[in-house]
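Engineer: Next come a sequence and a model predicted from it.
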Amino acid sequence: MINSAISHLANQLNQFLKRSFELNEDVVVVSNILEQDGSLSPNVNNKVVVILTNIEKDTVPYRQAPNGKTVSSGEGARSGIGRPPVYLNLYLMFVANFSGNNYSEALKFISKTIGFFQRQPVFDQHSTPDLDPRIEKLILDIENLSIQDLSNLWGLLSGKYLPSILYKVRMVSFDTDDIIGQVSNVGDIQVAISAQ
């Protein structure tokens, strides 16, 4: 599901940039800047590169409700008890990898990228019907980094700063649909609380 979320955002941005700059070829790629051996990754030159920089569990308490599912069997409907979904935050870096004489292009592309996500910070089934149906919505927020944190991050990515912006993408959920128990559906049970 992480791949689906990142690919969806990259595809939406790619379509927007192609229309904006009247391009025929794709300009957004999901990739590292450098390979494990330190060489430049193929197909990232003169592109906006989307890099996953971190994954964290979202621990907002209201999302920790138990997960109930209805299961059909020969004896009637039963409720299945499953584990609650895990909500994740993805940290995505959008990097304009244009070098040399193309540096001004990097500034144009990173500006358009910021503008695109400013206009559309939420992606759901209504706004983008091709979003993976397992994903309810994706919400993007700019993540501010101090100069020191930015330096550390670029040290991990490639060592050389490129025009870029970091977004926190909220509400990616993992629901394995595993059922860990079942209970019979007896019917509606009503509990009356008397006023005192």
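Structural biologist: Here it is on my side, so go on. Because the structure is a prediction, the values reported are computed rather than measured.

Engineer: For the nearest residue to residue 125 once chain neighbours are set aside, list the residues it contacts.
Structural biologist: Setting aside the residues directly before and after it, residue 125 is nearest to residue 131 in space (CB to CB, 6 or more residues apart in numbering), at 5.7 Å. Backbone N, C-alpha and C define where each C-beta goes, glycine included. Residues near residue 131 by CB atoms under 8 Å, 6 or more residues apart in numbering: 8, 123-125, 137-138.

Engineer: and which of these is nearest residue 27?
Structural biologist: Among these, residue 8 lies closest to residue 27 (CB to CB), at 16.5 Å.

Engineer: Quick check, pLDDT for residue 160.
Structural biologist: On the pLDDT scale, residue 160 is placed at 89.

Engineer: what does residue 82 give?
Structural biologist: 65.

Engineer: would you turn the contacts of residue 131 into TSV with neighbour count, distance to residue 45 and pLDDT?
Structural biologist: Putting these into TSV (neighbours: other CB atoms under 10 Å; distance: CB to CB, whole Å; pLDDT from 0 to 100) gives the following:
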residue	neighbour count	distance to residue 45	pLDDT
8	17	24	97
123	22	28	96
124	14	34	93
125	13	35	91
137	16	33	92
138	24	28	95
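
Engineer: By residue count, tell me the biggest helix in the protein.
Structural biologist: The helix that spans the most residues within the chain, counting by DSSP state H, is helix 2-21.

Engineer: Name the residues that touch that one?
Structural biologist: Residues from elsewhere that reach helix 2-21 (CB under 8 Å, 6+ apart): 23-24, 26-30, 48, 50, 52, 55, 88, 90, 92, 94, 108-109, 112-113, 116-117, 120, 123, 128, 130-132, 134-135, 138, 140, 169, 172.

Engineer: Among the residues you listed, which ones are in helices?
Structural biologist: Among the contacts of helix 2-21, DSSP H puts 108-109, 112-113, 116-117 in helices.

Engineer: nearest residue to residue 90 other than its sequence neighbours?
Structural biologist: By the measure of CB to CB, 6+ apart, the closest residue to residue 90 outside its immediate chain neighbours is residue 169, 4.3 Å from it.

Engineer: wouldn't the one you found be in contact with residue 91 here?
Structural biologist: Yes. Between residue 169 and residue 91 there is a contact under CB atoms under 8 Å: 7.5 Å.

Engineer: So between the two, which is more surrounded?
Structural biologist: The residue with more neighbours, out of residue 169 and residue 91, is residue 169; 23 against 16, by other CB atoms under 10 Å.

Engineer: So in the chain, where's the weakest helix or strand by average pLDDT?
Structural biologist: Ranking every helix and strand in the chain by mean pLDDT, DSSP states H and E puts strand 67-73 at the bottom, with a mean of 49.
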